[in-house]
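[1] A predicted structure for the sequence below; I have some questions about it.
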Amino acid sequence: MEIQLFQQEIPRAILDGIQQVHSAVFDGAILKEDKLQQKVNLLAVVAVEEGVVAGFKLGYEQPDGVFYSWLGGVHPEFQQRGVATKCMTAQHEWCKQHGYTRVRTYGRNERKAMLIVNLKAGFEITSTFTDAKGRHKIVFEKML
């Protein structure tokens, strides 16, 4: 498995693969690509196996200077192989190299596997909130 990083510009073939994973993980939902152009210091970490996108992790800089690990997923065919952890590790290494000292992410109780990955990776729960859609979210932060 190869980990590839893309800043700001994501090649069409990779973006199509991200869309396939996103759809498989998030009940057929499509990632709104116009949101990607609006992000400051957008980073896409992509796990590729034999030309197929197995998983991804997207993140960007928030106004307070913290890197926000926004969205990610692993296609069901590639789960339980450490793909999410590999993507997260690559993202955090990139963040350190680019001067970030903290990473923030949000989680939901319905997605327990990702909560566990975050806790095992050293994230701490810092707060909770209810989003505009009425979903309870858990805020995780990690010092790099």
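    Now that the structure is in, tell me what you want to look at.

[2] so what touches the helix or strand of the chain with the lowest mean pLDDT?
    Ranked by mean pLDDT, DSSP states H and E, the weakest helix or strand in the chain is helix 34-37, scoring a mean of 86. For helix 34-37, the surrounding residues in contact (CB atoms under 8 Å, 6 or more residues apart in numbering) are 10, 42, 58. Using the backbone N, CA and C atoms, a C-beta is placed for each residue, glycine as well.

[3] chain neighbours aside, what residue packs nearest to the first one?
    Meaning residue 10. Spatial nearest neighbour of residue 10, excluding adjacent residues (CB to CB, 6 or more residues apart in numbering): residue 44 at 5.1 Å.

[4] quick check: that neighbour vs residue 143, distance?
    In this view, residue 44 and residue 143 are 23 Å apart by CB to CB, to the nearest Å.

[5] for residue 111, same thing?
    Counting by CB to CB, the gap from residue 111 to residue 143 is 23 Å.

[6] those two: who's more crowded?
    A side-by-side neighbour count of residue 111 and residue 143, using other CB atoms under 10 Å, places residue 111 first with 14 against 9.

[7] what's the spacing between the more buried one and residue 77?
    Relative to residue 77, residue 111 is positioned 18 Å away (CB to CB).

[8] quick one on the thing from earlier: quick one: the residue nearest to residue 10 and residue 54, what's the gap?
    With CB to CB as the criterion, residue 44 and residue 54 are 14 Å apart.

[9] can you check residue 134 too?
    Distance of residue 134 to residue 54, computed by CB to CB: 32 Å.

[10] looking at those two, which is more packed in?
    Set residue 134 next to residue 54 and count neighbours by other CB under 10 Å: residue 54 wins out with 23 against 6.

[11] so which residues of this structure form helices?
    Applying DSSP state H to the chain gives helices spanning 12-25, 34-37, 83-97, 112-120.
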